[in-house]
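**Student:** I'd like to go over a predicted model; first the sequence, then the structure.
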Amino acid sequence: MSQISTDTRVAERKKTRGLAVRLWKQWELQLMVIPALIIVFIFSYIPMYGVLMAFQDYSIFDGFWASPWVGFKHFEMFFNAPEFWTIMRNTLVISALKLIIGFPAPIILALMLNEVKQMAFKRVIQTISYLPHFLSWVIVAGFAMSILSTDNGSLNILLQSLHVIDEPIGFLGTAEYFWTILVSTNVWKEIGFNSIVYLAAIAGINPSLYEAAEMDGASRLKQISFITIPSIMPVIIIFFILAIGNLLNAGFEDILLLGSNPVLRDVSDVIDTYVYRIGIENQRFSYATAAGLFKAVISVTLLTVANYIARRSGNSLW
């Protein structure tokens with residue numbers, strides 16, 4: 001038993017020494033990482049003490065240490081709130097729609113662009129699809145409101161000219177259209193930029209695989225099915241794990257801007273907008289912090305479970 005213990009300590013010592021040697025050899029790279037670590041520590045870790053508010057009746061005048069502790073009072077209030085199930089339904093439905101439609105969209109675009117042989121045309125399409133990502137949601141929401149407006153809105157004019165409708169439709173004032181508009185706008189904005197990583201993964205595939213497949217008589221569709229997709233599957237799995245971890249992040253700016261009409265609150269109110277409205281507008285800081293902390297815990301749990309399942313395929317984050 002003592003021999004096994006000694007061997008274990010020796011192995012751990014060698015492992016630690018090997019890590020130190022590797023870090024020393026890569027000191028230039030480690031030096032480049034330090035500013036990023038400092039930024040993450042300052043803006044992501046130091047503010048974490050703010051979660052204490054979830055367990056207090058926080059007062060901005062008394063501060064963190066003088067505010068009375070109330071345990072799980074605010075969590076119970078959040079779970080028993082009349083709007084709790086509506087908020088959870090909206091959050092899960094919007095997130096699921098963004099995942100189901102928005103996640104495969106850039107993969108499909110990358111596969112399609114990879115098949116384009118005219119480089120000039122390919123570059124034009126890539127540029128057009130990338131540009132919306134760099135527009136703020138304020139501008140994108142302005143575009144959407146202009147297009148969907150009942151007063152000279154492009155979509156209503158088109159539908160009326162085609163005799164599909166007789167009167168303009170208030171798309172952004174009708175609950176049944178909101179989820180479709182929100183998800184469509186998100187896909188349009190991010191599909192091009194999100195396809196970059198998949199195009200980079202496709203570019204790394206060995207061309208000899210395609211040459212061998214062509215010699216065997218494989219069609220382009222079969223080459224995509226049996227070479228391209230399996231080759232980029234590790235990248236797809238990693239991004240899918242991250243997407244699962246963000247399942248409760250239904251969005252904030254897009255929903256806040258596109259769903260500003262109070263008529264849409266039953267279908268647009270999600271955890272993030274609820275926290276903003278209750279915490280900032282109503283100044284119920286402890287209650288809003290409890291709701292945000294609940295979302296964070298569920299997100300970490302989903303990320304861990306998704307990573308555990310993906311680990312069986314050999315492609316996981318850790």
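**Tutor:** That came through, no problem. Residues are numbered from 1 along each chain as shown.
**Student:** can you pull the contacts of residue 226?
**Tutor:** Residues in contact with residue 226 (Cβ atoms under 8 Å, 6 or more residues apart in numbering) are 213, 218. For glycine as for every other residue, the C-beta is placed from the backbone atoms N, C-alpha and C.
**Student:** any idea how far it is from residue 208?
**Tutor:** Distance from residue 226 to residue 208, counting by Cβ to Cβ, to the nearest Å: 14 Å.
**Student:** same check, this time on residue 23
**Tutor:** Distance from residue 23 to residue 208, by Cβ to Cβ: 37 Å.
**Student:** the two: which has the busier surroundings?
**Tutor:** Set residue 23 next to residue 208 and count neighbours by other Cβ atoms under 10 Å: residue 23 wins out with 11 against 8.
**Student:** surely that one touches residue 30?
**Tutor:** Yes. Using Cβ atoms under 8 Å, residue 23 is in contact with residue 30, at 5.9 Å.
**Student:** so, low pLDDT: which residues of the stretch 1-150 of the chain?
**Tutor:** Counting by pLDDT under 70, the stretch 1-150 of the chain shows low-confidence ranges at 1-16.
**Student:** change it to 50
**Tutor:** Scanning the stretch 1-150 of the chain for pLDDT under 50 picks out 1.
**Student:** list the buried ones in the helix or strand where residue 308 lies?
**Tutor:** Using DSSP states H and E, the element containing residue 308 is helix 285-311. By 16 or more other Cβ atoms under 10 Å, the buried positions in helix 285-311 come out as 285-295, 298-299, 302-303, 306-307, 310.
**Student:** what of stretch 67-82?
**Tutor:** So, applying 16+ other Cβ under 10 Å, buried residues of stretch 67-82: 67, 73-75, 77-78.
**Student:** let's see which of those end up in helices.
**Tutor:** If you go by DSSP state H, the buried residues of stretch 67-82 have 73-75, 77-78 in helices.
**Student:** JSON lines for those, including distance to residue 86?
**Tutor:** Putting those into JSON lines (distance: Cβ to Cβ, whole Å) gives the following:
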{"residue": "73", "distance to residue 86": "22"}
{"residue": "74", "distance to residue 86": "19"}
{"residue": "75", "distance to residue 86": "18"}
{"residue": "77", "distance to residue 86": "16"}
{"residue": "78", "distance to residue 86": "13"}
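**Student:** and which of those is nearest to residue 174?
**Tutor:** Proximity to residue 174 was ranked across those by Cβ to Cβ; first place goes to residue 78, at 29.3 Å.
**Student:** so how far is residue 302 from residue 189?
**Tutor:** With Cβ to Cβ as the criterion, residue 189 and residue 302 are 24 Å apart.
**Student:** now that we're looking at residue 154, what pLDDT does it have?
**Tutor:** Per-residue confidence (pLDDT) for residue 154: 92.
**Student:** surely it is in contact with residue 147?
**Tutor:** Yes. Residue 154 is within contact range of residue 147, at 4.8 Å (criterion: Cβ under 8 Å).
**Student:** between the two, which one's more packed in?
**Tutor:** Set residue 154 next to residue 147 and count neighbours by other Cβ under 10 Å: residue 147 wins out with 16 against 12.
**Student:** ok, the closest residue to residue 90 other than its chain neighbours - how many residues close by?
**Tutor:** Of all residues not flanking residue 90 in the chain, residue 270 sits nearest, at 5.0 Å (Cβ to Cβ, 6 or more residues apart in numbering). Neighbour count for residue 270, taken as other Cβ under 10 Å: 28.
**Student:** spit out the contact partners of residue 270.
**Tutor:** 87, 90-91, 94, 250-251, 255.
**Student:** what is the nearest of those residues to residue 125?
**Tutor:** residue 251 (26.2 Å).
**Student:** quick one, phi/psi of the closest one?
**Tutor:** When read as degrees, to the nearest 10, the backbone of residue 251 gives phi 130, psi 160.
**Student:** contacting residues for it?
**Tutor:** Contacts of residue 251 by Cβ under 8 Å, 6+ apart are 94, 98, 182, 186, 270, 272.
**Student:** can you put the residues you listed in JSON lines and add secondary structure and distance to residue 220?
**Tutor:** Below are those laid out as JSON lines (DSSP: H, G, I helix; E, B strand; the rest coil; distance: Cβ to Cβ, whole Å):
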{"residue": "94", "secondary structure": "helix", "distance to residue 220": "36"}
{"residue": "98", "secondary structure": "helix", "distance to residue 220": "30"}
{"residue": "182", "secondary structure": "helix", "distance to residue 220": "34"}
{"residue": "186", "secondary structure": "helix", "distance to residue 220": "30"}
{"residue": "270", "secondary structure": "coil", "distance to residue 220": "41"}
{"residue": "272", "secondary structure": "helix", "distance to residue 220": "42"}
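**Student:** okay then, goodbye and thanks.
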